[in-house]
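here is the input, now give the coordinates:
(one chain, ligands or ions: 1)
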Amino acid sequence: MPSDSPHSSRKRRFRQDRSMLIGAAAGVILLIIFIIAGSVSGAKKEKASKPDGSDGVSSKVVSSKLEFEKKVVPLSDISKGSLILVNDSHPYTSATAGGSLADIDSEKNEYYSIRDIGMKMNDLALKNFNSMMNGFYQECSNRDIMVTEAYVSADRQNVIYNQALENSRVESKGGYSEHQTGLAVDLGIYPEEGKSFRYVPSGDYAWIRDNCTKYGFIERYRDEKAENTGIRDHGEHFRYVGIPHAWYMKENDLSLEEYLQALKKYAYGSKTLQVSCFDRNFEVYYIRARDESGSGNVELYVPVNCEYTVSGNNADGFVITIEK
Ligand SMILES: [Zn+2]
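Residues are numbered from 1 along each chain as shown. From the prediction side, this is the model:
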């Protein structure tokens, strides 16, 4: 056994000194970690409790680049906007007929005709329809398109419905036709020579079917989707929904019914739907309408400092579309 020599005792003392030193250093490091952790959690607490000026609710950040604020709108706005759904189970009840109606005859360009003087259409839809007819003419030098139906009042729709019944045809009752929104048109083809017929996507006329999404329109009633739209054999009907929505529906083979359902996956607070088309970038999300206070109003979250549009879905919520 080695004796406890002065040398080994020095060694032990040295070891003791060294372990004291290590212990002290570890203590200092722990202290520093505590201080840093404390200040970070303090900052977090401060951030979380900092009011944003709207009832103390902090605005949520959904994606890294966007910030949102609260906006209160009347619940009745649910039946306004370019994405409203009108079909057999979603009647159109808005008294304002989809915002402002424009007189087609006074706003139209020379690249198409209308069946009657006095026909009306939603002003935004008309502006985009004019652009589409301009594009069609530039590409095909063809002016054969005639608008055979546009905005239809509920009363007139009931007349159409009753006439159709007498002739064993199927038409929507007043309140259930998309034409009441002013966002839809039926197209006919009226060549200078030869017989007129309702729109079919053949020859030059295929250009409209192939390019309508660029102007925010969809072929609303494709026969393949008749099971969920409830309407078949109405291929001359085009509906304005807005560019990113039209493009996405066509790319993903969705009817308006299916698209609005799919958008519910992109509810506010989760991820947004990113749509890039025609050199433009959009973000889309859905907010369920909840009038919890019974005030007749609902709270939406809209982006701060960027352009956006709000549309009801005429069912249970709102769709916000941001252009980036
Ligand atoms: Zn129609």
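
let me see the contact set for the residue of the stretch 1-150 of the chain at minimum distance from the ion.
Proximity to the ion, evaluated over the stretch 1-150 of the chain using CB to the ion, is greatest for Glu149 at 5.5 Å. To be clear about C-beta, it is placed using only N, CA and C from the backbone, and glycine gets the same treatment. By CB atoms under 8 Å, 6 or more residues apart in numbering, the residues touching Glu149 are Arg115, His179, Ala184, Val185, Asp186.

what pairs with the host helix or strand of Val147, parallel or antiparallel?
Val147 belongs to strand 145-149 when assigned by DSSP states H and E. Partners of strand 145-149 in the sheet, by DSSP bridges, are strand 113-114 (parallel), strand 184-189 (antiparallel).

contacts only, for Ser276.
Contacts of Ser276 (CB under 8 Å, 6+ apart): Phe282.

about what we covered before: how far does the strand holding Val147 sit from the chain's center?
28 Å (CA atoms, centre = their mean, to the nearest Å).

tell me what Phe282 is bridged to.
Beta-bridge partners, per DSSP bridges, of Phe282: Val275, Glu323.

that one touches Thr309, doesn't it?
No: using CB atoms under 8 Å, Phe282 makes no contact with Thr309, being 9.9 Å away.

ok, and the closest non-adjacent residue to Met249?
Tyr259 (4.9 Å; CB to CB, 6 or more residues apart in numbering).

buried ones in the helix or strand where that neighbour lies, by neighbour count?
Per DSSP H and E: Tyr259 is located in helix 256-262. Across helix 256-262, burial judged by 16 or more other CB atoms under 10 Å covers Leu256, Glu257, Tyr259, Leu260.

of those residues, which is the nearest to the ion?
Leu256 (13.4 Å).

so which residues on the protein come close to the ion?
Asp186, His237 (CB under 5 Å from the ion).

who's more crowded, Phe282 and Thr309?
Applying other CB atoms under 10 Å to Phe282 and Thr309 shows that Phe282 carries more neighbours, namely 22 against 16.

residues in contact with the residue of the stretch 51-200 of the chain at minimum distance from the ion?
Closest to the ion within the stretch 51-200 of the chain is Asp186: 4.1 Å, counting by CB to the ion. Asp186 sits next to Val147, Thr148, Glu149, Ala150, His179, Arg198, Tyr199, His234, Glu236, His237, Phe238 when contact means CB under 8 Å, 6+ apart.

repeat that for Tyr190.
Contacts of Tyr190 by CB under 8 Å, 6+ apart are Ser113, Asp144, Ile145, Met146, Ser196.

quick one: the first one and Ile145 touch, right?
Yes: counting by CB under 8 Å, Ser113 does reach Ile145; the two are 7.4 Å apart.

same drill for those two, tell me which one is more crowded.
Higher neighbour count among Ser113 and Ile145: Ile145, with 24 against 16, using other CB under 10 Å.

so who does the residue in the stretch 101-250 of the chain positioned nearest to the ion touch?
Minimum separation of the stretch 101-250 of the chain from the ion (CB to the ion) falls at His237, amounting to 3.5 Å. Contacts for His237 (CB under 8 Å, 6+ apart) come out as Glu178, Ala184, Val185, Asp186, Glu219, Arg220, Tyr221.

partner residues bridging it?
Asp186.

farthest pair within the contacts of Glu149?
Arg115 and Ala184 (14.5 Å; CB to CB).

so what's Gly135 closest to, chain neighbours aside?
Gly135 sits nearest to Asn211 (CB to CB, 6+ apart), 6.5 Å away.

now do the contacts for the one you found.
Asn211 touches Met132, Gly135, Phe136, Glu139, counting by CB under 8 Å, 6+ apart.

give the residue spans of the protein that score low on pLDDT.
1-64, 95-99 (pLDDT under 70).

quick one: the strands in it?
Secondary structure of the chain (DSSP state E): strands located at 68-74, 101-103, 113-114, 120-122, 145-149, 184-189, 197-198, 217-219, 237-240, 273-277, 280-288, 297-303, 307-312, 317-323.

which other helices and strands does the first one contact?
It stands for strand 68-74. strand 297-303 (3 or more CB pairs under 8 Å, 6 or more residues apart in numbering; DSSP states H and E).

all helices of the protein, in order?
6-49, 104-107, 123-140, 154-166, 206-211, 226-229, 243-251, 256-262 (DSSP state H).

buried set for the fourth one?
Buried residues in helix 154-166, counting neighbours by 16+ other CB under 10 Å, are found at Ala154, Gln157, Asn158, Ile160, Tyr161.

in JSON lines, list those along with distance to Val170.
Below are these laid out as JSON lines (distance: CB to CB, whole Å):
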{"residue": "Ala154", "distance to Val170": "18"}
{"residue": "Gln157", "distance to Val170": "13"}
{"residue": "Asn158", "distance to Val170": "15"}
{"residue": "Ile160", "distance to Val170": "11"}
{"residue": "Tyr161", "distance to Val170": "9"}
